[in-house]
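In: Kindly return the folded structure for what I paste below:
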Amino acid sequence: MRNLILSTAALALLGGMAFADGHAVVRMGTEGAYPPYNFLNDDGEVDGFERELGDELCARAELTCEWVTNEWDSIIPNLVSGNYDVIIAGMSITDERDEVIDFSQNYTQPDPSAYLAMSDDVDLENGVIAAQTGTIQAAHIASTGATLLEFATPDETIAAVKAGEADAVLADKAYLTPIAEADGELIMLGQQELIGGGVGLGLRESDGELREAFDAAITSMKEDGSLNELIAKWGVGEQF
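Out: Predicted coordinates for the structure are as follows:
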């Protein structure tokens, strides 16, 4: 999914969590702007696949969770500095991130990235392609002959295509599919890119006990089929 590379100097800011009698208050940090993974509903509350998943993981790990929203471009620095304890925001597990933070096991399979455009004759190799800043899609475009046009939010990438500023947008297929279905002017192109290693929880490297608790909860959901049920419900990729 999305890729954010930070200086390893930020590791000096790592904090820790205190566990008492197997219980703790865990602050779950998400973007709240990337449906179906996470978004704000009409009541202004975090909703989506990751809200349901996070609540269930916390229940199984016997943790009390609080939800915090944070802009994508600073989501890792604010984890490292202690503003919340877990990133649950459609974040792909990558080697670059793993140099700065730790990850749980993946809770989704790698999701194909797709292109959305206004016509089906876009030159993807040499055209102008929009992507959200700090994502694996942006990194992929930068490695090709295409011109990368970056935006802070996913909504802005779609707007750029509709305004003619970009020829297409590259993003997670699960994010783009409902947009294409709802907007008759936009077309999902046939070409897809398989990038990223699946989505996991991001944690501070000092919080090994918390990571182990979430890993155990994720494993239990995989084993009893409840994770696959959520994946199918929200359409976020292939089942385990």
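In: Just name the shakiest helix or strand of the protein by mean pLDDT.
Out: Of all helical and strand segments in the chain, the minimum by mean pLDDT, DSSP states H and E falls on helix 95-98, at a mean of 90.
In: ok, residues contacting whichever helix or strand comes after that one?
Out: Sequence order places strand 102-108 as the next helix or strand after helix 95-98, per DSSP states H and E. Contacts of strand 102-108 with the rest of the structure, by Cβ atoms under 8 Å, 6 or more residues apart in numbering, involve 53, 93, 97, 197-205, 207-208, 211, 214-215, 218-219, 221, 227, 231, 236-237. Glycine gets a C-beta too; all of them are placed from N, C-alpha and C.
In: list the buried ones in strand 102-108?
Out: 102-104, 106-108 (16 or more other Cβ atoms under 10 Å).
In: mind listing what residue 178 touches?
Out: Taking Cβ under 8 Å, 6+ apart, one finds 35-36 in contact with residue 178.
In: Confirm that it sits in a strand.
Out: No - counting by DSSP: H, G, I helix; E, B strand; the rest coil, residue 178 is located in no strand; its state is helix.
In: per-residue pLDDT, it?
Out: At residue 178, the pLDDT value in this model is 95.
In: what do you get for residue 12?
Out: The predicted local confidence for residue 12 is 32.
In: Keeping just the C-alphas, turn stretch 70-86 into PDB.
Out: The C-alpha trace of stretch 70-86 is given here as PDB (Å, rounded to 0.1, in the frame of the first residue of the first chain):
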ATOM      1  CA  ASN A  70      -3.700  11.700  12.000                       C
ATOM      2  CA  GLU A  71      -2.700  13.000   8.500                       C
ATOM      3  CA  TRP A  72      -0.900  10.400   6.400                       C
ATOM      4  CA  ASP A  73       2.300  12.300   5.800                       C
ATOM      5  CA  SER A  74       3.100  12.400   9.500                       C
ATOM      6  CA  ILE A  75       1.600   9.200  10.700                       C
ATOM      7  CA  ILE A  76       4.900   7.400  11.400                       C
ATOM      8  CA  PRO A  77       6.600  10.300  13.100                       C
ATOM      9  CA  ASN A  78       3.700  10.700  15.400                       C
ATOM     10  CA  LEU A  79       3.800   7.000  16.300                       C
ATOM     11  CA  VAL A  80       7.500   7.200  17.100                       C
ATOM     12  CA  SER A  81       7.000  10.300  19.200                       C
ATOM     13  CA  GLY A  82       4.300   8.600  21.300                       C
ATOM     14  CA  ASN A  83       1.100  10.400  20.100                       C
ATOM     15  CA  TYR A  84      -0.500   6.900  19.700                       C
ATOM     16  CA  ASP A  85       0.600   3.300  20.000                       C
ATOM     17  CA  VAL A  86      -0.400   1.600  16.900                       C
END
